[in-house]
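K.L.:
no sequence for this one, just the structure:
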């Protein structure tokens with residue numbers, strides 16, 4: 001089995017916070033950074049770096065590195081699946097590209113396609129290949145932007161989430177407040193630093209590291225333990241908004257898995273010529289689809305009262321599972337009269353829960369998904 005190559009690939013090229021080709025901060029991040037800039041303007045240790053270098057006009061846009069990363073992902077796909085790609089010329093009816101309707105995912109799609117097809121097209125001396133990619137408005141994109149398209153999720157999970165508010169409040173008082181107090185006292189900050197800003201110090205740290213390769217600025221304000229505790233505040237947030245902290249999230253990826261199954265079935269039955277389905281979306285997309293498949297579920301929920309040792313031992317969070325420029329492949333194998341599916345995250349095979357091996361029988365995979373295939377997304381997401 002392992003020596004056989006897939007004859008159909010369903011490929012995701014995912015980009016966004018932690019998964020997208022490296023990008024600039026969100027508008028919320030930037031506004032919080034400006035608040036921190038004002039607070040640290042008179043702190044002597046920060047005099048060389050307290051100013052926010054991230055303009056609001058560049059929010060969510062790819063950095064230079066973020067534009068290059070998907071190009072190398074495309075090159076890697078060509079090399080790792082050489083037998084699959086050899087002899088295949090680009091045809092929009094054979095190789096399908098789709099992106100969410102954002103500039104960053106659209107640019108990532110173009111960059112990936114350039115890495116995949118550079119030298120195989122008709123344009124200029126580099127023989128670039130023009131490609132077509134489709135998208136739909138975010139509020140209608142139930143496959144790749146389900147968190148935007150689902151009104152019920154927006155009204156009950158993303159906002160008005162009492163369970164998240166309870167956990168965030170408890171964690172803020174228990175863990176973030178002491179960190180804020182320590183920083184305020186050490187650097188003579190008056191009025192004292194609001195504990196809710198501590199996770200944004202961590203965010204500032206990671207963006208300065210990603211964009212400028214510097215750990216001597218905002219990162220220096222937090223000890224290694226405080227960095228981990230500050231990150232956990234974001235992990236709690238994502239757990240209750242995008243993962244197993246909400247029952248709705250275990251079904252919200254059903255439209256994606258439905259089109260995945262239907263697309264493969266159409267190909268196997270001779271009703272489709274699409275052999276590679278390449279989609280560029282967001283880290284939140286992959287988290288929600290993995291949650292729908294019941295992948296990467298920790299043995300205990302992420303709550304405010306976990307010990308530091310428990311936090312250290314958490315195996316699965318969005319920040320550990322997916323990152324900027326992650327790739328997810330669903331490989332389809334036809335072996336005599338059997339069909340198998342294999343899932344790879346950054347080219348590491350993943351064991352789908354309920355399957356007997358990493359090569360999961362196609363019918364078993366469909367059985368595991370159950371009524372998530374063919375779900376009524378509109379009914380599920382209607383509100384009230």
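P.N.:
Yes, it's here. All values reported here derive from a predicted model rather than from experimental measurement.
K.L.:
CA only for contacts and neighbour counts going forward, please
P.N.:
Fine.
K.L.:
which ones are touching residue 248?
P.N.:
Counting by CA atoms under 8 Å, 6 or more residues apart in numbering, residue 248 touches residue 153.
K.L.:
wait, is it part of a strand?
P.N.:
No: looking at residue 248 with DSSP: H, G, I helix; E, B strand; the rest coil, it is helix, so not inside a strand.
K.L.:
how far away is it from residue 92?
P.N.:
The span separating residue 248 from residue 92 equals 34 Å under the rule CA to CA, to the nearest Å.
K.L.:
gap between the residue nearest the centre of the chain and residue 105?
P.N.:
Geometric centre of the chain, nearest residue: residue 283, 1.0 Å, by CA atoms, centre = their mean. Spatial separation of residue 283 from residue 105 under the definition CA to CA is 11 Å.
K.L.:
equivalent analysis for residue 324, please.
P.N.:
Residue 324 is 12 Å from residue 105, where distance means CA to CA.
K.L.:
between the two, tell me which one has more neighbours.
P.N.:
residue 105 (26 against 21; other CA atoms under 10 Å).
K.L.:
which helix or which strand is home to the more buried one?
P.N.:
Following DSSP states H and E, one finds residue 105 within helix 103-117.
K.L.:
that helix - contacts with which helices or strands?
P.N.:
Under the contact definition 3 or more CA pairs under 8 Å, 6 or more residues apart in numbering; DSSP states H and E, helix 103-117 sits against helix 64-80, strand 95-99, strand 276-281.
K.L.:
next structured bit after the last one?
P.N.:
To tie it back to what came earlier, the one meant is strand 276-281. Of the helices and strands lying after strand 276-281 in sequence (DSSP H and E), the nearest is helix 283-293.
K.L.:
do I have it right that the residue nearest to the centre of the chain meets residue 322?
P.N.:
Yes: taking CA atoms under 8 Å as the definition, residue 283 is a contact partner of residue 322 at 6.7 Å.
K.L.:
if I look at the closest residue to residue 110 other than its chain neighbours, how far off is residue 158?
P.N.:
The shortest distance from residue 110 to any residue that is not its chain neighbour, by CA to CA, 6 or more residues apart in numbering, is 7.8 Å, and that residue is residue 131. To residue 158, residue 131 is 35 Å away according to CA to CA.
K.L.:
again with residue 171
P.N.:
From residue 171 over to residue 158 (counting by CA to CA), the distance is 19 Å.
K.L.:
check residue 326 too.
P.N.:
Taken as CA to CA, the span from residue 326 to residue 158 is 24 Å.
K.L.:
who's more crowded, those two?
P.N.:
Neighbours were counted for residue 326 and for residue 158 using other CA under 10 Å; residue 326 has more, 25 against 18.
K.L.:
does that one touch residue 347 like I think?
P.N.:
No: under the contact definition of CA under 8 Å, residue 326 does not touch residue 347, with a separation of 9.4 Å.
K.L.:
where does the prediction get shaky in the protein?
P.N.:
1-21 (pLDDT under 70).
K.L.:
all strands for it, in order.
P.N.:
Residue ranges of the strands in the chain, as given by DSSP state E, are 8-14, 95-99, 133-134, 276-281, 327-335, 338-345, 348-350, 360-361.
K.L.:
what angle separates the helix holding residue 105 from strand 95-99?
P.N.:
Taking axes from the mean of the first three to the mean of the last three CA atoms, to 10 degrees, helix 103-117 and strand 95-99 form an angle of 160 degrees between their directions.
K.L.:
residues touching residue 378, list them.
P.N.:
Residues residue 150 are the ones in contact with residue 378 under the rule CA under 8 Å, 6+ apart.
K.L.:
can we see that at 10 Å?
P.N.:
142, 149, 150, 151, 152 (CA atoms under 10 Å, 6 or more residues apart in numbering).
K.L.:
kindly report the same for residue 341.
P.N.:
Taking CA under 10 Å, 6+ apart, we find residue 341 in contact with 6, 8-10, 264, 329-334, 352, 358-365.
K.L.:
again, only using 8 Å
P.N.:
Taking CA under 8 Å, 6+ apart as the criterion, residue 341 is in contact with 330, 331, 332, 333, 359, 360, 361, 362, 365.
K.L.:
the second one contacts residue 339, correct?
P.N.:
Same thing as residue 331. No: applying CA under 8 Å, one finds residue 331 not in contact with residue 339, separated by 10.5 Å.
K.L.:
compare neighbour counts for the two and give me the winner.
P.N.:
residue 331 (19 against 15).
K.L.:
which residues does the more buried one bridge with?
P.N.:
On the basis of DSSP bridges, residue 331 takes part in beta bridges with residue 9, residue 342.
K.L.:
so residue 133 is in contact with residue 96, correct?
P.N.:
Yes: the pair residue 133 / residue 96 is scored as a contact, 7.1 Å apart, by CA under 8 Å.
K.L.:
how about residue 151: what's its closest non-neighbour residue?
P.N.:
Counting by CA to CA, 6+ apart, the nearest residue to residue 151 once its immediate chain neighbours are dropped is residue 381, at 5.5 Å.
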